[in-house]
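[1] I'd like to go over a predicted model; first the sequence, then the structure.
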Amino acid sequence: ALRQAAVGGQIDGRRWTSVDAELERVLGKAPVDVIAVGADEPETVPVGHVVARALRADARLRARRVQKMTGRAPSVAIVRAGDPEAAAGGDDRAAIATNETTGVVESWFAKEALLTGDGIDVEIVALAEDASAATIAAAARAAEARADAVLVERGPDAAPAVHGLAQDVDSVRDPLMVEATLRTLAAAELTTGASYDDASYLADDVNLSFTGKAVTVLGRSPHLGSPLARTLADRDATVTVCHSSTPEDLRHRTLAEADYVFAAAGCPGLVQPGDVGADTVVVNVGTTYDAATGSLLADVDPNVSAKIVTPTPHGCGPVCAATLVRRVVSTAERRVTALGHLPDTWRFTGNALRRDVTLGSFSAASELINSIAKLCDALDHHPTITVNEARVCERVGGCSVAIEFTTFSAGGAVTARDHGAAAEVEDLIAEATS
């Protein structure tokens, strides 16, 4: 239901309600409620909130499994030089992406409240605004020993990025905002009936191809514009980067010829009506907080008309925040995999995680398999199950069930998803054999 929510550009209130009820049953509380859902379809689909809601609900379930397996919640250390959040608008900017009805935070500019609300332990490592690169690096490496994940925050004029961190959730080589931008685009394309798989914006790797497409990136910052251009080129796009030194007439020609435009310059109104064609897809990433009006000013003028124009402030921003949550949980899952937090009854067999259990009868084995099927449908991760592999009469040796987890999308390797699913199945086995 979460994955289907954006398809066709409609928000199905009944679908949300059923999902909320099920997650409340499983978690003991309702999931993140970031959009008001009523009978009327909104004029603009808040694709960012649709993606964020799904990512955070998924991350909460996975965080719960981590805590269940290890006895502690996923954790992140935020190494902060100065107060970058306050410098960029802080509480006022966070309020723009907070649900007025529920008070749920959905903003990059209120990370501590965001992460804590999703069941993640947060440590703030506060450094002076003028902290040197060496000081920031030392604090980040020390934090890696205490937390599952590390996020280094710097202001626009701060010291260079820290390289070589093993648990960095927003590294120079893999910037978080690039992933969030592509997830937003994938969801937005679904609303126009594009041919992508309807779960594409939730996949570990968003499956977008730009073969034969002319793509313009506005902005060349080291955190977004430049790495976004590289990522798009890796996906076979023909990329043109326009920046502050690009002549205006050249920028206009580039925009007019582009199939995709990614506005990431932080320059309000940079893209004006008439700059892009009717069949162009425009992804607005760059926003500037205007203290005078208490609003976000987008790089793309609100009157721009194109095939798709992602919304502001309900586009990339919420997805960026949700991607942070998901990345922290993913690093915690990798720790679980490395440490092997599972009973000894689970063992590795080549490229799978295997559990053998014997039930008193074929009927009991079938009941266990049915309960595993329901659970794994909900997890969207399914095992290979073999019944009575030894071919022994149940009256003699009972009925054996062999359960094997592997992640086919990872080339048949054992991943954190297998460990998490195995931990959930272990509870069902305990119940069946008690």
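    It's in.

[2] In the chain, mark out all the helices, start to finish.
    13-27, 47-70, 84-87, 90-96, 111-117, 133-144, 176-190, 225-234, 248-257, 316-339, 362-379, 394-397, 416-433 (DSSP state H).

[3] which of those helices is buried the deepest?
    helix 176-190 (a mean of 26; mean count of other Cβ atoms under 10 Å). Heads up, the C-betas are built off the backbone N, CA and C, glycines and all.

[4] So for it, mean pLDDT?
    Averaged across helix 176-190, pLDDT comes to 89.

[5] Can I get it as CSV, trimmed to CA atoms?
    Extracted in CSV, the C-alpha atoms of helix 176-190 (Å, rounded to 0.1, in the frame of the first residue of the first chain):
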residue,chain,number,x,y,z
LEU,A,176,22.8,11.5,0.8
MET,A,177,21.2,14.3,-1.1
VAL,A,178,22.0,12.7,-4.5
GLU,A,179,20.1,9.5,-3.4
ALA,A,180,17.2,11.6,-2.1
THR,A,181,17.0,13.5,-5.4
LEU,A,182,16.8,10.4,-7.5
ARG,A,183,14.1,8.8,-5.2
THR,A,184,12.0,12.0,-5.5
LEU,A,185,12.3,11.9,-9.3
ALA,A,186,11.3,8.2,-9.4
ALA,A,187,8.2,8.9,-7.4
ALA,A,188,7.3,11.9,-9.4
GLU,A,189,7.6,10.0,-12.7
LEU,A,190,5.2,7.4,-11.3
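
[6] Out of the helices of the chain, which is closest to residue 405?
    helix 416-433 (3.8 Å; Cβ to Cβ).

[7] and that closest one, what other elements does it pack with?
    helix 47-70, helix 316-339, strand 353-359, helix 362-379, strand 399-405 (3 or more Cβ pairs under 8 Å, 6 or more residues apart in numbering; DSSP states H and E).

[8] Which strands or helices does the second one pack on?
    Pointing back at helix 316-339 there. Using 3+ Cβ pairs under 8 Å, 6+ apart: helix 316-339 touches helix 47-70, strand 75-81, helix 111-117, strand 149-153, helix 176-190, helix 416-433.

[9] Tell me which of the helices of the chain sits nearest to residue 386.
    helix 362-379 (10.3 Å).

[10] So which residue is smack in the middle of the chain?
    residue 323 (3.3 Å; Cα atoms, centre = their mean).

[11] any idea how far residue 263 is from the closest residue to residue 204 other than its chain neighbours?
    Nearest residue to residue 204, sequence neighbours excluded (Cβ to Cβ, 6 or more residues apart in numbering): residue 409, at 7.5 Å. Distance of residue 409 to residue 263, given as Cβ to Cβ, to the nearest Å: 32 Å.

[12] So between these two, which is more surrounded?
    Between residue 409 and residue 263, counting by other Cβ atoms under 10 Å, residue 263 is the more crowded of the two (28 against 12).

[13] ok, now which ones touch residue 240?
    By Cβ atoms under 8 Å, 6 or more residues apart in numbering, the contact set of residue 240 is 214, 215, 216, 217, 254, 258.

[14] would CSV of those with distance to residue 229 be doable?
    As requested, the contacts of residue 240 are arranged in CSV below (distance: Cβ to Cβ, whole Å):
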residue, distance to residue 229
214, 13
215, 8
216, 10
217, 5
254, 13
258, 13
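
[15] circling back: can you redo the helices and strands packed on helix 316-339 as a markdown table with distance to residue 229?
    Shown next, in a markdown table, are the helices and strands packed on helix 316-339 (distance: least, Cβ to Cβ, whole Å):
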| stretch | distance to residue 229 |
| --- | --- |
| helix 47-70 | 22 |
| strand 75-81 | 26 |
| helix 111-117 | 26 |
| strand 149-153 | 22 |
| helix 176-190 | 10 |
| helix 416-433 | 31 |
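
[16] Stretch 274-284: how far from the chain's middle?
    Centre-to-centre, stretch 274-284 and its host chain are 26 Å apart (Cα atoms, centre = their mean, to the nearest Å).
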